[in-house]
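Peer 1: can't give you the sequence, but here's the structure:
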């Protein structure tokens, strides 16, 4: 039992111990107090275009994203004609290229394809790894300009200079260290695309047209460079379809441990950096503690209801019944499912639900990874989320719905500030005092911007989920009937809106290469719908808070008084935690009841 909990506890403790000193270095870099080597300073001087206002900073952010998208789309479209493609791979279907480019540029990395099947090494390097660094830096820079606005700095910095500093002085050094560890642990690092080998058991791959044993194709590539930044940048897009369950992406227990530490490292450190840059470390510790409480809750929930519970589908069902399940392809829109009485299968389930788990890393590794990867909006997976016990699947869904449990680089902290502003406003109304944050009054403009940024997330989840669940776009894509099929659709849009990227992989959303003779029938609607959701949920929650902070930057800070709500107390942490949980429950509890909770209570197979 101790071993089950030791893994996540040690990961959280290790990450916190590393994040605290790292945040000091990060604050120095973002405030320009770090002296880079001479040759890097030469580039740094030429990168900047001068001091910017918050509006110019936001405009530069949008322009940079547009250019990055154009570059990404061109690379994927020209894949058949570019080098490092000895397998002769063609290009993806146009809507899938659009979806993939938007997904990677926005740090979402939701994949409607399998990388080892569809991508050449050129695409993996110049599209994948490039976006891992650049898209991860955009949210980081967004938080930096918000902090400068809160401090009422005369100048808000320069977006392009901040991007340079984040990539060159923060991400590259840490990624290089992680890359050395990955290579030492056995991750491939080569420009070779694949090896063709004979299997140990003849004809294990079947026979060819000449009745000769087929050989196995083993796809390889620059995994040592790809994987670390996939985790450190909370990107999550896998080189292989199996993602971090694949032994080339995640060779050993050491790399699995560091995968979790890596994806949590910068989100943890950014909370401390926020406090250091504002010179309010006690306030940062309050925010960090609230986030940690929420993360511990999701990890405990996932382990408790998956690792410590058997899969009821493998246990005895003494009563035979027939159930009527909605099904788009059946006459009348429903089909009968007979659940016969069965004896318990001869499967030892004392280790909990093992379906879809990679057991090289321990029994709790899959469940804890599932919670951690959504809490920091990474999206990498080392287990199949679609195979989680239904009630355990609430853990990753809640992580995406709240979208502020550390979150991605910068954006998680920004999302929490929205809850913080709303909590302060509610508390101020309760005591009849004008709400203020960091000594600055929060007016109608700030509240409108906060509500716009906060509500776009549930709107972009609930509306498309309802639309697809009511039409063939969703019903013909779901691989399971009833509540689980609904959960597949709900999870997909939750992942897209949270810029997470993980998925319930039973959902048919992959068109594949352009010459694919049998694509998923509803792949194109899913490509286009998730593109819209990703873009709205990425840029509005970034731009609106920047505008909110920009408005506060011109306001004078009032001195603290007896009626001031202190932001570094246990009372404030309780207010913030309650605000997050109450708003989250009001927004998403009904849809949770239609998906995971209904499946847990329903008859197939978890309630029979």
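Peer 2: Sure thing, it's come through. Only a predicted model underlies this, so the values are computations on that prediction, with no experimental measurement involved. Residues are numbered from 1 along each chain as shown.
Peer 1: pLDDT below threshold where in the stretch 201-350 of the chain?
Peer 2: Applying pLDDT under 70 to the stretch 201-350 of the chain flags residues 313-321, 323, 326-329, 339-347.
Peer 1: can you pull out the strands in it?
Peer 2: Taking DSSP state E, counting those that start in this stretch, the strands of the stretch 201-350 of the chain run over residues 216-219, 321-326, 334-339.
Peer 1: give the contact list for the nearest residue to residue 520 once chain neighbours are set aside.
Peer 2: Closest residue to residue 520 apart from its sequence neighbours, by CB to CB, 6 or more residues apart in numbering: residue 508 at 3.7 Å. In this view, the C-beta of every residue, glycine as well, is placed from N, C-alpha and C. Residue 508 sits next to 476, 477, 478, 479, 520, 521, 522, 523 when contact means CB atoms under 8 Å, 6 or more residues apart in numbering.
Peer 1: any idea which of these is least confident?
Peer 2: On pLDDT alone, residue 479 ranks lowest of those, at 88.
Peer 1: Would you agree it is in contact with residue 485?
Peer 2: Yes - counting by CB atoms under 8 Å, residue 479 touches residue 485, with 7.2 Å between them.
Peer 1: more crowded one of those two?
Peer 2: Ranked by neighbour count (other CB atoms under 10 Å), residue 479 and residue 485 place residue 485 first, with 25 against 13.
Peer 1: count of neighbours near the closest residue to that one other than its chain neighbours?
Peer 2: Spatial nearest neighbour of residue 485, excluding adjacent residues (CB to CB, 6+ apart): residue 478 at 3.2 Å. Neighbour count for residue 478, taken as other CB under 10 Å: 24.
Peer 1: what about residue 478, which helix or strand?
Peer 2: Following DSSP states H and E, one finds residue 478 outside all helices and strands.
Peer 1: which residue ranges form the strands in the stretch 51-200 of the chain?
Peer 2: Counting by DSSP E, counting those that start in this stretch, the stretch 51-200 of the chain has strands at residues 194-197.
Peer 1: so where's it shaky on pLDDT?
Peer 2: Residues of the stretch 51-200 of the chain that meet the cut-off, pLDDT under 70, do not exist.
Peer 1: on that earlier part again, state whether the residue nearest to residue 520 is indeed within a strand.
Peer 2: No - in this structure, residue 508 is coil, not part of a strand, as judged by DSSP: H, G, I helix; E, B strand; the rest coil.
Peer 1: surely residue 52 meets residue 63?
Peer 2: No - Residue 52 lies out of contact with residue 63 (CB under 8 Å); the separation is 12.0 Å.
Peer 1: So between those two, which is more surrounded?
Peer 2: Between residue 52 and residue 63, counted using other CB under 10 Å, the more crowded position is residue 52 (21 against 12).
Peer 1: For the more buried one, give me its contacts.
Peer 2: Contacts of residue 52 (CB under 8 Å, 6+ apart): 60, 155, 156, 157, 158, 159.
Peer 1: So how do I select the buried members of the residues you listed in ChimeraX?
Peer 2: Only the buried entries of the contacts of residue 52 go into this ChimeraX selection, using 16 or more other CB atoms under 10 Å:
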select :60,156,157,158,159
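Peer 1: which ones among the contacts of residue 52 are found in helices?
Peer 2: Here DSSP state H is the test, and the contacts of residue 52 give 60, 159 as lying in helices.
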